[in-house]
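Engineer: Give me coordinates for this.
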Amino acid sequence: MPAEEFKRRLTAILSADVEGYSRLMREDEQATVRTLTTYRTAITHLIEQYRGRVVDSPGDNILAEFTSVVDAVNCGVEIQREIAERNADLPENRQMRFRIGINLGDVLEEGKRIYGDGVNIAARMEGLAEAGGICISGTVYDAIENKIGLEYENRGEHQVKNIDKPVRAYRVLSYPGAAAHRVVKAKRAAGTKWRNTLAGIAAVLVIGVALAAWNYYWRATKIEPASKEKMAFPLPDKPSIAVLPFVNMSADKEQEYFSDGMTDDLITDLSKISGLFVIARNSVFTYKGKTMKVHQVAQELGVRYVLEGSVRKAGEQVRINAQLIDATTGHHLWADRYDSVIGDVFAMQDKITGKIVAALAVKLTLGEQELVSQKYTQNTAAYNDFLQGRAHYVRRTPDDYAKAIAYFEKAVASDPNYGQAYAALALTYWESSHNLWTSTLGVSYMEARERAERYLKTAMSMKKFSPQAHQAASKMLIDWHLHEEAILEAEIAIALDPNDADSYIAMAYALIYAGKPQEALDFVQKAIRLDPHYPAYYLFILGLAHFVMEQFEEAVTLFDRALKLNPENYVPLLPLAAAQAQLNRKEQAAATIEKLHAVLPILTLSFVKQSPISSYKNPADKDRLLNGLRKAGMPETPYDALRNVGS
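Structural biologist: Numbers count the residues shown, from 1 in each chain. Below you'll find the model as predicted:
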């Protein structure tokens with residue numbers, strides 16, 4: 001063929017084949033062909049997703065080309081992730097592992113076929129790769145070294161068949177199951193080059209600390225699979241995940257709020273996806289600072305996947321490491337590192353969320369795509385203040401609520417359009433008034449409620465709606481005796497975030513006051529499933545449902561448990577006293593009233609009648625509470641209370 005009929009060009013070539021293919025065929029030809037066909041289809045789909053094309057696929061080989069070398073390497077990593085996940089469902093002896101080689105080089109094109117040294121070197125890189133691994137040439141490494149968050153091991157120069165000059169080879173370490181000790185080995189080798197200089201000595205010390213931490217948190221020991229039989233709850237019928245608290249690797253321990261905030265935001269982003277089941281923040285944070293094995297966490301929470309990570313923040317620089325593990329198999333599905341500046345932290349969160357969604361093969365609806373990418377602020381100062389405020393809010397004590405409000409107010413001062421911060425202010429003020437904690441805030445009961453309403457109005461005027469705003473709206477509407485509207489707001493909160501346990505609790509609360517306690521029980525159970533290490537508040541709501549259903553024995557047990565978990569929140573004392581009196585346990589009821597009066601000495605029936613505590617739709621439900629409190633010995637009016645004190 002005349003030379004002018006060939007086209008010469010530069011391209012990225014990916015070559016893959018199956019390790020041990022002859023053995024697989026010898027043992028079971030039909031099963032091997034079925035598996036290979038399925039895997040090849042999946043690989044072809046991924047190649048197309050990364051804007052590549054399959055050039056040839058003889059036998060167990062696949063040859064593809066890409067116009068972008070970055071796309072080629074990213075595709076290789078995704079292929080190994082996909083194959084690792086599919087292999088997890090096969091017996092060990094039937095698992096099919098691919099070796100992948102990638103080269104950037106010159107090729108000759110004839111029609112749809114390509115030839116030349118560029119293709120030959122890709123094939124030789126494939127031969128140097130290990131089963132389930134990726135090997136890239138020096139030209140690929142030079143092109144992507146600082147463009148993709150991967151780790152590499154220099155394999156040195158190799159004299160390969162039919163190529164005149166030695167070829168540099170690098171092993172890609174950040175593929176599923178890559179051994180962390182290789183990362184350590186590679187970094188140590190790089191570090192020896194400048195150990196002899198004075199500046200190098202200091203840098204080596206810093207890297208040594210980082211590597212020790214890496215080795216501790218990302219150790220490559222075999223992960224024991226979780227037992228489905230030992231799961232505390234049956235696995236959901238959709239991918240289920242727990243995002244463990246990201247470890248603060250910063251030198252400044254005051255940056256703890258930042259790593260916690262990163263965890264919170266990832267949970268929030270993933271929770272918006274209806275195709276996922278995401279464990280609530282409250283439950284995963286019970287593991288903070290503890291050394292727990294992945295299979296233990298999965299079994300206690302009833303999930304298949306666990307995400308672990310760490311955050312290092314130094315000035316404006318941020319480094320995030322993350323890895324996703326299938327706890328039922330012990331396999332790493334994906335691991336990556338992200339380096340950026342604080343201003344790009346939201347983009348890093350989006351990348352991690354996108355990687356998880358891709359790894360779990362979850363399809364987002366158009367609405368979910370918009371919600372997941374939605375950020376409530378782009379102002380990093382406001383975001384920092386919000387994170388610190390949220391760290392106090394979740395502790396749910398009077399002092400922490402006061403500190404939370406101070407940070408939330410700083411956040412809205414930095415970004416007047418920060419709807420999520422306004423919603424947090426509304427919730428904090430409303431809950432403070434409801435729990436009668438307003439003295440700690442330095443405001444009156446009515447002023448706290450007025451501020452809550454004002455902040456909620458601002459939050460609801462924002463374009464970016466948060467579930468918290470609708471939760472707050474639902475609770476306030478109950479106070480105004482608009483029970484059906486309260487239920488609707490709770491429905492909106494659940495629609496915005498199908499995995500937000502607090503939204504289900506808001507719905508349960510609205511249903512109880514609307515006279516539908518039986519329906520409320522289902523929503524509390526959904527919240528508990530999402531948040532297995534649930535807060536005391538959930539027990540209070542559950543007890544309230546049983547109280548309205550006149551199941552006083554169950555109500556007393558639940559109120560007691562709520563008080564033991566959170567003694568500072570004395571709100572359960574009120575229905576507890578009423579339930580005890582309804583069971584004719586007069587001495588216990590009187591003792592509970594005394595505990596209540598020790599905190600609020602002039603609390604009376606006349607106050608309860610006018611307070612949100614008795615905002616029931618059905619008069620019978622309100623009477624049940626008031627009659628119980630009357631039997632328990634609560635005075636009718638402040639005058640009666642003072643007369644009792646005098647006597």
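Engineer: Each with direction, which strands does whatever helix or strand Leu324 lives in pair with?
Structural biologist: Element membership for Leu324 (DSSP states H and E) is strand 317-326. Within its sheet, strand 317-326 is paired with strand 305-314 (antiparallel), strand 331-341 (antiparallel), according to DSSP bridges.
Engineer: This structure: strands as residue ranges?
Structural biologist: 7-18, 52-56, 62-66, 98-110, 113-115, 134-137, 152-158, 167-172, 240-243, 247-248, 277-278, 305-314, 317-326, 331-341 (DSSP state E).
Engineer: any idea how far the residue nearest the centre of the chain lies from Ser474?
Structural biologist: Geometric centre of the chain, nearest residue: Ile267, 2.8 Å, by CA atoms, centre = their mean. According to CB to CB, to the nearest Å, Ile267 stands 21 Å off from Ser474. From N, CA and C alone the C-beta is placed, and that goes for glycine too.
Engineer: can you redo the strands paired with strand 317-326 as a markdown table with distance to Phe246 and mean pLDDT?
Structural biologist: Output for these, formatted as a markdown table (distance: least, CB to CB, whole Å; pLDDT from 0 to 100):
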| stretch | distance to Phe246 | mean pLDDT |
| --- | --- | --- |
| strand 305-314 | 4 | 85 |
| strand 331-341 | 12 | 78 |
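Engineer: Pick the most deeply packed of those.
Structural biologist: Of the strands paired with strand 317-326, the one with the most neighbours on average (mean count of other CB atoms under 10 Å) is strand 305-314, at a mean of 22.
Engineer: So Met249 is in contact with Gly309, correct?
Structural biologist: No. Here Met249 does not reach Gly309: they are 10.0 Å apart, not a contact under CB atoms under 8 Å.
Engineer: Could you say which of the strands of the chain is packed most deeply?
Structural biologist: Comparing the strands of the chain on average neighbours, where mean count of other CB under 10 Å defines a contact, strand 134-137 leads with a mean of 29.
Engineer: ok, that one: who's next to it in the sheet?
Structural biologist: When DSSP bridges is applied, strand 134-137 pairs with strand 98-110 (parallel), strand 167-172 (antiparallel).
Engineer: The last one vs strand 152-158, what angle?
Structural biologist: With axes from the mean of the first three to the mean of the last three CA atoms, to 10 degrees defining the directions, strand 167-172 sits at 160 degrees from strand 152-158.
Engineer: next one: strand 167-172 to chain centre, how far?
Structural biologist: On the basis of CA atoms, centre = their mean, to the nearest Å, strand 167-172 is displaced by 35 Å from the centre of the chain it belongs to.
Engineer: With the first one instead?
Structural biologist: Relative to its parent chain, strand 98-110 has a centroid offset of 38 Å by CA atoms, centre = their mean.
Engineer: tell me the pLDDT at the residue lying closest to Gly105 once chain neighbours are set aside?
Structural biologist: Residue nearest to Gly105 in three dimensions, not counting chain neighbours: Gly118, with 2.9 Å by CB to CB, 6 or more residues apart in numbering. pLDDT recorded at Gly118 is 89.
Engineer: do the same with the one 10 residues further on
Structural biologist: Per-residue confidence for Leu128 comes out at a pLDDT of 90.
Engineer: count of residues packed around it?
Structural biologist: Leu128 is flanked by 19 other residues according to other CB atoms under 10 Å.
Engineer: Now do the contacts for it.
Structural biologist: If a contact means CB atoms under 8 Å, 6 or more residues apart in numbering, then Leu128 has 101, 135, 155, 158, 169 as its contacts.
Engineer: Enumerate every residue touching the second one.
Structural biologist: By CB under 8 Å, 6+ apart, the contact list for Cys135 reads 99-102, 125-126, 128-129, 155, 169-172.
Engineer: Roughly how far does it sit from Phe98?
Structural biologist: Relative to Phe98, and taking CB to CB, Cys135 is found at 12 Å.
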